[in-house]
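Undergrad: below is the structure, and that's it, no one-letter string:
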């Protein structure tokens, strides 16, 4: 099937008239159908490389699953207990005893 399409396209190109482009000197410059477009070359010797292109859009859910571990984690703030002076996390109860309260013993 591909070879028949290629033959049909080449036969249609052969029937086209040559392309005339204006020249700076006034003489017409023609490009025949046998001249194929060339791959651009760069001055530093590199050629154009093809890059991978995604076939479908990545959903927000899939992107979140992939990028979830990369998120910044909150750093726990460590404070000292006002009653005993031990190190604890905020909003946590320190059960080491209250120095400031009066005991009934």
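TA: Structure's in. What do you need? Quick caveat: nothing in here was measured; it's all calculated off a predicted structure.
Undergrad: give me phi/psi at residue 87?
TA: Taking degrees, to the nearest 10, you get phi -80, psi 130 for the backbone angles of residue 87.
Undergrad: kindly report the same for residue 9.
TA: phi -70, psi -40.
Undergrad: can you get me a residue count around it?
TA: 10 (other C-beta atoms under 10 Å). For glycine as for every other residue, the C-beta is placed from the backbone atoms N, C-alpha and C.
Undergrad: before we move on, what about residue 88?
TA: Counted with other C-beta under 10 Å, the neighbours of residue 88 add up to 15.
Undergrad: what's the answer for residue 74, then?
TA: Neighbours of residue 74 (other C-beta under 10 Å): 6.
Undergrad: check residue 91 too.
TA: Residue 91 has 7 nearby residues by other C-beta under 10 Å.
Undergrad: three-state assignment of it?
TA: Using DSSP: H, G, I helix; E, B strand; the rest coil, the structure places residue 91 in coil.
Undergrad: report the separation between it and residue 81.
TA: Per C-beta to C-beta, to the nearest Å, residue 91 is found 12 Å from residue 81.
Undergrad: where does residue 85 sit, in terms of helix or strand?
TA: Following DSSP states H and E, there is no helix or strand that holds residue 85.
Undergrad: okay then, goodbye and thanks.
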